[in-house]
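Q: sequence first, then the predicted structure:
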Amino acid sequence: MSGTKEVWVRADEGTWDEYRKPRITTALESGVDCVLVEESDVERVRELGKIKVAAFGDNPMADVIVIGKRGEGDGTLEFPVDLGRSKDLETLKELSREGYKVASYVIIKNKDYERLAAELAKASDYLIVIGTDWKVIPLENLIAELQGYDCKIIAGVKDADEAKLALETLEHGADGVLLDADDPAEIKRVMGVVEEIEKGRVPLTPAKVIQVKQLGMGDRVCVDTCSLMETGEGMLIGSASDALFLVHAETEESPYVASRPFRVNAGAVHAYILVGDKTRYLSELKSGDPVMIVDRDGRTRDAVVGRVKIERRPLILIEAEVGDRRFSTILQNAETIKLVDRDGNPISVANIKVGDEVLVYLEEGGRHFGMKVEESILER
């Protein structure tokens, strides 16, 4: 689970002209990510505008095929005694094999349906969960259980307050919400909630490592902060101002050295570090300066530099690519220096190899004196 928060609007009930079309039109005008409709309405939605369409049924024209309504997910079909023989699960697996994006839809009526949701999610791109008399606990359980699975959790909500609760549950929160409300203003309020939450995030992207090269000696920078960091947290560092690697904090014990959870061994003195919406050179940092801590989900928080240590150490170059973009960073060559892999786990530079994927922050345009500008700048 990862990525920016999504807002879906539900428009599968009532008549087209009175209920479904107005919701879809408002969704389009508000910039939501997706509408959920019946399979018969997919083409109607396309005629109204360009938006991602999820549909109950098996319409191959939908962007996401949703399984569970009129099935086991909403209790229409008998609950499967053996979850491994779930009819909804078989359908999801078959559609996935055929190359379709799929979502499982489950109304959490009790603990058994929570178990069903977790099982179906493991074969789905999305899990849509609708609460009955619950608000938080089943969602917390599902978020915790599905960590490490490539499935986004979309929580059903009725208003902006419920949306905020769902999106912030267990800090990570649901990956998105499915709003079921007729009031157009409620859609706009939910979009506002998401915008406020996303202000404290940066988008992280998996990049494929294409070169690992040991270098000679050089000056590297350790940034010791006045804050304690946790597993999954670090700082965004790189040789190019528009392509920064998530360098992990020294939070883990090792046979070589005790953990230093306040420290990021950030890299060579020439490298950039992202601080808010600007970059700075590592060599410029000093005690009392602000820095930005980033976690594997892209959440950010502020910290203060306690001290900066610049020492001569052996270096290693890590080069990676996303599409046709190539970029690199230079770090100290030591087992305790780590990047973050695509699943959010720390990976030592001593173990990184070509083909591995690590998290990076990419942006368009260049920077002038650390400030983002819309121009072409090539840094090699």
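A: Okay, I see it. Numbers count the residues shown, from 1 in each chain.
Q: where does this structure dip in pLDDT?
A: Low-confidence segments of the chain, defined by pLDDT under 70: 1-3, 133-135, 170-171, 364-380.
Q: what do you get if the cut-off is 80, keeping everything else the same?
A: Scanning the chain for pLDDT under 80 picks out the ranges 1-4, 81, 84, 133-136, 148, 169-172, 197-200, 254-257, 364-380.
Q: list the buried ones in the longest strand seen in it?
A: With DSSP state E setting the assignment, residue counts place strand 300-322 as the longest strand in the chain. Within strand 300-322, the residues that count as buried by 16 or more other C-beta atoms under 10 Å are 300, 303, 305, 308, 313, 315-321. No exception for glycine: its C-beta is placed from N, CA and C like everyone else's.
Q: now those as a markdown table including distance to residue 291?
A: What follows is the buried residues of strand 300-322, written out as a markdown table (distance: C-beta to C-beta, whole Å):
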| residue | distance to residue 291 |
| --- | --- |
| 300 | 10 |
| 303 | 5 |
| 305 | 6 |
| 308 | 10 |
| 313 | 21 |
| 315 | 22 |
| 316 | 23 |
| 317 | 23 |
| 318 | 21 |
| 319 | 25 |
| 320 | 23 |
| 321 | 27 |
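Q: quick check: the farthest pair among these?
A: Within these, two members stand farthest from each other by C-beta to C-beta: 305 and 321, at 31.4 Å.
Q: beta partners for residue 315?
A: When assigned by DSSP bridges, residue 315 has beta-bridge partners residue 332.
Q: can you start the count at 43 instead of 1 from here on
A: OK, 43 is where the count begins now, so the last one is residue 357.
Q: list the contacts of it.
A: The contact partners of residue 357, taken as C-beta atoms under 8 Å, 6 or more residues apart in numbering, are 256-260, 262, 310, 372-375.
Q: and the residues you listed, which is closest to residue 109?
A: For the contacts of residue 357, the closest approach to residue 109 (C-beta to C-beta) belongs to residue 373, at 44.9 Å.
Q: let's see which of the contacts of residue 357 end up in strands.
A: 256-260, 262, 310, 372-374.
Q: out of those, which end up buried?
A: Here, 16+ other C-beta under 10 Å leaves 260, 262, 310, 372-374 buried among those.
Q: can you pick out the most distant pair from those residues?
A: Greatest spatial distance among these (C-beta to C-beta): 260 and 373, at 10.3 Å.
Q: any residues in contact with both of these two?
A: 310, 357.
Q: hey, which helix is longest across the protein?
A: Criterion DSSP state H: the longest helix present in the chain is helix 226-240.
Q: touching that one from outside, list them.
A: 46-47, 49, 51, 64-65, 68-69, 72-74, 199, 201-202, 205-206, 209-210, 215, 219, 221, 223.
Q: pull out the buried positions in that helix.
A: 228-229, 231-233, 235-236, 239.
Q: with distance to residue 144 added, can I get those residues in JSON lines?
A: Shown next, in JSON lines, are those (distance: C-beta to C-beta, whole Å):
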{"residue": "228", "distance to residue 144": "28"}
{"residue": "229", "distance to residue 144": "25"}
{"residue": "231", "distance to residue 144": "30"}
{"residue": "232", "distance to residue 144": "24"}
{"residue": "233", "distance to residue 144": "26"}
{"residue": "235", "distance to residue 144": "27"}
{"residue": "236", "distance to residue 144": "24"}
{"residue": "239", "distance to residue 144": "26"}
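Q: from those, which is closest to residue 186?
A: Scanning those for proximity to residue 186, where the rule is C-beta to C-beta, the winner is residue 239, at 19.6 Å.
Q: that closest one and residue 233: what is the separation?
A: To residue 233, residue 239 is 11 Å away according to C-beta to C-beta, to the nearest Å.
Q: what is the neighbour count of residue 337?
A: Neighbour count of residue 337, defined by other C-beta atoms under 10 Å: 22.
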